[in-house]
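In: Model the following, please.
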Amino acid sequence: MAESVTTLLSSIPDEWGPKFKASSGAVAHTQTGPNSVKFNTPCHIALVMFTPQPGREVSLNSDRKSVFLAPIGTLEIVPASADLFARWKSPKENLLLAMAPQKLSRLAGLEFDTEDFEFRPLALGHVDEKALFMANLIRDEFQAGEPSNHLYVDSLLTVFSTYLLRKYSTLRDRPVPRSRGGLSPKAWRDVQDYIRANIAQQLSVERLAAIAGLSPSHFVRAFRQTAGEAPHQYVLATRLQVAEQLVITTDMPLWKIAGLTGFANHSHMTAAMRQHKLTTPSALRRARLVR
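Out: Below you'll find the predicted structure:
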């Protein structure tokens, strides 16, 4: 994780809400009463408002403060190295997406064949329903507890970041190749082999896309078309399949099997198996012993 993103997250008080770091960026779901912030942004930031903010005050690289109504779904983008001041006079809930400059430039290169871009200024109180939809998907992960499927959140952050580049940066008018179809047979085999060989690791969309020789956004679409499910769903199913085999065919401790198959811990593996297989590792092992 780029140091600039870590620096930003560490500056957000823990009591404001949960934070999550993935390969593609980081995100924080914050809820805090009337407050204000003033700092130089160490990375690119996007904010999506879940609650309205009447009388919101913002200044960017200036002492002049603008006061405006920020409705639900308001999107704000703050480039890296900007001097930001913001004040809100009522309780606020929002999603903050943090993107390291080097990481976002790399994503731009993969998606648009150039790493050079600048974000365009947004009108104050600009509402983006699509950004709100993606933000709600990420918030759902937080509300279900600590996000346990890293690849799913990483996918959402990758898609979100690509959307911001495509709509709100100088890359907006740049033609994007429209690739159709799923993964080639070779790419599909290579991706499957890589997932199984690295099932214990936290997999990223960028790495899987590189294995397939595609941009991250095209990879997500092509993978779903080939596999019939999203990458994170396929990886979870593979983890459960390997874990089930190890539970049944070995005497390995369950906590160790969880680690070897990419689950956060024994409880995470048990919860996933109960939800998707309608059984548990302990039940599978007991059934094996009574045969």
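In: Quick one: the helices in the stretch 101-250 of the chain, in order.
Out: Ranges of helices in the stretch 101-250 of the chain, per DSSP state H, counting those that start in this stretch, are 101-112, 129-143, 150-168, 185-197, 205-212, 216-227, 231-249.
In: possible to save those as JSON lines with mean neighbour count?
Out: The way it works is simple: take the backbone N, C-alpha and C, and place the C-beta from them, glycine included. Listed next are the helices of the stretch 101-250 of the chain as JSON lines, based on neighbours: other Cβ atoms under 10 Å:
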{"stretch": "helix 101-112", "mean neighbour count": "19"}
{"stretch": "helix 129-143", "mean neighbour count": "16"}
{"stretch": "helix 150-168", "mean neighbour count": "22"}
{"stretch": "helix 185-197", "mean neighbour count": "15"}
{"stretch": "helix 205-212", "mean neighbour count": "20"}
{"stretch": "helix 216-227", "mean neighbour count": "21"}
{"stretch": "helix 231-249", "mean neighbour count": "18"}
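In: between those helices, which gets nearest to residue 175?
Out: Closest of these to residue 175 is helix 101-112, at 8.9 Å (criterion: Cβ to Cβ).
In: Compute the inter-axis angle for the closest one and helix 205-212.
Out: Relative orientation of helix 101-112 and helix 205-212, computed by axes from the mean of the first three to the mean of the last three Cα atoms, to 10 degrees: 40 degrees.
In: And for stretch 45-52, what's in contact with it?
Out: With contact meaning Cβ atoms under 8 Å, 6 or more residues apart in numbering, stretch 45-52 is reached by 8, 69-78, 84, 90-99, 128, 131-132, 135-136, 139, 160, 164.
In: of the residues you listed, buried ones?
Out: Buried members of the contacts of stretch 45-52, counted by 16 or more other Cβ atoms under 10 Å: 8, 70, 73-78, 84, 92, 94-99, 128, 131-132, 135, 139, 160, 164.
In: ok, residue 38 - contacts?
Out: Residue 38 is in contact with 84-86, counting by Cβ under 8 Å, 6+ apart.
In: Kindly present those residues as TSV, with separate columns for distance to residue 49 and secondary structure.
Out: Output for those, formatted as TSV (distance: Cβ to Cβ, whole Å; DSSP: H, G, I helix; E, B strand; the rest coil):
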residue	distance to residue 49	secondary structure
84	15	strand
85	17	strand
86	11	strand
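In: And residue 161, how close does it get to residue 216?
Out: 9 Å (Cβ to Cβ, to the nearest Å).
In: next one: residue 242
Out: Residue 242 is 25 Å from residue 216, where distance means Cβ to Cβ.
In: same question, residue 203
Out: According to Cβ to Cβ, residue 203 and residue 216 sit 13 Å apart.
In: mind showing which ranges of the stretch 1-150 of the chain have poor pLDDT?
Out: Scanning the stretch 1-150 of the chain with the threshold set as pLDDT under 70 gives 1-2, 145-148.
In: one more time with 90
Out: By pLDDT under 90, the weakly predicted segments of the stretch 1-150 of the chain are 1-11, 21-24, 33, 63, 141-150.
In: which residues in it form strands?
Out: Secondary structure of the stretch 1-150 of the chain (DSSP state E, counting those that start in this stretch): strands at 19-22, 25-32, 35-40, 44-49, 53-60, 66-70, 75-78, 83-88, 92-99.
In: Of those strands, give the one that comes closest to residue 281.
Out: Residue 281 lies closest to strand 19-22 among those, at 26.0 Å (Cβ to Cβ).
In: what packs against that closest one?
Out: helix 3-11, strand 25-32, helix 150-168 (3 or more Cβ pairs under 8 Å, 6 or more residues apart in numbering; DSSP states H and E).
In: Parallel or antiparallel, list what pairs with the shortest one.
Out: Partner strands and pairing direction for strand 25-32 (DSSP bridges) are strand 19-22 (antiparallel), strand 92-99 (antiparallel).
In: who wins for proximity to residue 43 among those strands?
Out: Nearest of these to residue 43, taken as Cβ to Cβ: strand 92-99 at 5.3 Å.
In: CA atoms only for the closest one - export them in CSV, please.
Out: Taking Å, rounded to 0.1, in the frame of the first residue of the first chain, the C-alpha atoms of strand 92-99 are listed here in CSV:
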residue,chain,number,x,y,z
LYS,A,92,-22.3,13.8,8.3
GLU,A,93,-21.9,10.3,6.8
ASN,A,94,-19.8,9.7,3.7
LEU,A,95,-17.5,7.3,1.9
LEU,A,96,-13.9,8.5,1.3
LEU,A,97,-11.9,6.8,-1.4
ALA,A,98,-8.1,7.3,-1.2
MET,A,99,-6.0,6.7,-4.3
